[in-house]
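>>> The amino acid sequence is not available; the structure is as follows:
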């Protein structure tokens, strides 16, 4: 995410609107790259009921070429120690003002969504994502694509069966829809029962906190009393922790219990406005990775509070 970026590089000027024509529903353009490869006739099991809710879809907007160039240059400056912009971060609101869409474009797109009965829940501070909800019928009417039931390897799903379309007048400011389906990403890691294991004919030793402290020469900092105090680590996930007690087990097993300021908190963060799209997700099927992800950031920084922000992906949808 590019939510926090640098200050400097001059003052933000007025953003050039990309929508310059009247919205004409009879002139549409297809949004490429918005169709799942599983949406085939072989997997198709028929349309989803019109009244089925589709909650918290995301419309991804795009910025002007001038903004893209300025942002690319700024990112480079952020990581160049000799630059006056080195590590000068922006808040999400400041980022949206400089690199988000023109207010006129956001207003036009919002009005178009609402004209089809869709509910705009929130425009995120970056300005690049519009969170909206509706029914299958409203989505079909607005985006000219039916939502069907699919069966993929014995697992039921729903997805748009054709590429979505929008009025051509909106196309310069809209990149795509994230997303019109419920296919979820899958973890790529393989759980290991032992710290040392063999893979590809080679013996591999898994890294634990003491290893990281040695590799990155952290022990002198720890000995000087510097262990991440005053900082909070945040991980955003779509699942509750499988077992919150794993946090204590991990810390005691690897000698981190002495850093008593370390803590773990699970929260459901609310959006900056509109209806809350962050309800309790429970423990999802990919829960086995949660303990690994929770503990990995805590290894080199044993003292700071650790905040697990989790929210359910929309019931029907997943990015």
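That came in fine, so what should we check first? Every value quoted in this text rests on a predicted model; they were computed, and no experiment measured them.
>>> Name the surrounding residues that touch the helix or strand harbouring residue 131.
Here residue 131 sits within strand 129-135, counting by DSSP states H and E. Outside of strand 129-135, the residues within contact range by CB atoms under 8 Å, 6 or more residues apart in numbering are 50-61, 106, 109-110, 113, 116-124, 142, 178, 271, 274-275, 277. C-betas here are computed from N, CA, C, even on glycine.
>>> Can you tell me the strand partners of it and which way each runs?
strand 53-61 (antiparallel), strand 119-123 (antiparallel) (DSSP bridges).
>>> For residue 281, find the nearest of those.
strand 53-61 (12.5 Å; CB to CB).
>>> Touching the closest one from outside, list them.
100-101, 105-106, 109, 113, 121, 127-136, 139, 147, 173-180, 277, 314-317, 319.
>>> if we can go back for a sec, closest one to residue 167 among the strands paired with strand 129-135?
So among the strands paired with strand 129-135, strand 53-61 is nearest, using CB to CB, at 13.0 Å.
>>> Give the buried residues for stretch 250-269.
For stretch 250-269, a neighbour-count test (16 or more other CB atoms under 10 Å) marks 250-251, 254, 256, 259, 262, 264 as buried.
>>> Please narrow these to those residing in strands.
residue 264 (DSSP state E).
>>> In the buried residues of stretch 250-269, find the pair that's most separated.
Those two in those that are separated most widely, counting by CB to CB, are 254 and 264, at 14.9 Å.
>>> circling back: I'd like to know which of the contacts of strand 129-135 are buried.
Here, 16+ other CB under 10 Å leaves 52, 54-61, 106, 109-110, 113, 116, 118, 120-124, 142, 271, 274, 277 buried among those.
>>> Buried residues, the strand or helix carrying residue 177. List them.
Here residue 177, judged by DSSP H and E, is contained in strand 174-178. Within strand 174-178, the residues that count as buried by 16+ other CB under 10 Å are 174-177.
>>> Would you mind checking which of those residues is nearest to residue 245?
When the buried residues of strand 174-178 are compared against residue 245 (criterion: CB to CB), the nearest one is residue 177, at 39.8 Å.
>>> For that closest one, give me its contacts.
31, 34, 57-60, 143, 164.
>>> try 10 Å
Contacts for residue 177 were tallied using CB atoms under 10 Å, 6 or more residues apart in numbering; they are 31, 34, 57-60, 130, 132, 139, 142-143, 145, 160, 164, 166, 317.
>>> Now distance to residue 221 and mean pLDDT too, for the strands paired with strand 129-135, in TSV please.
Converted to TSV, the strands paired with strand 129-135 look like this (distance: least, CB to CB, whole Å; pLDDT from 0 to 100):
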stretch	distance to residue 221	mean pLDDT
strand 53-61	40	94
strand 119-123	40	94
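>>> need those in a markdown table with distance to residue 73, can you?
Below are these laid out as a markdown table (distance: least, CB to CB, whole Å):
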| stretch | distance to residue 73 |
| --- | --- |
| strand 53-61 | 21 |
| strand 119-123 | 26 |
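>>> Can you give me the first-to-last residue distance of stretch 44-59?
The first residue of stretch 44-59 is 25 Å away from its last residue (CA to CA, to the nearest Å).
>>> quick check, residue 105 in a helix?
Yes. Counting by DSSP: H, G, I helix; E, B strand; the rest coil, residue 105 is found in a helix.
>>> Quick check: it touching residue 17?
Yes. Counting by CB atoms under 10 Å, residue 17 is a contact partner of residue 105 at 5.3 Å.
>>> who has more neighbours, these two?
residue 105 (25 against 17; other CB atoms under 10 Å).
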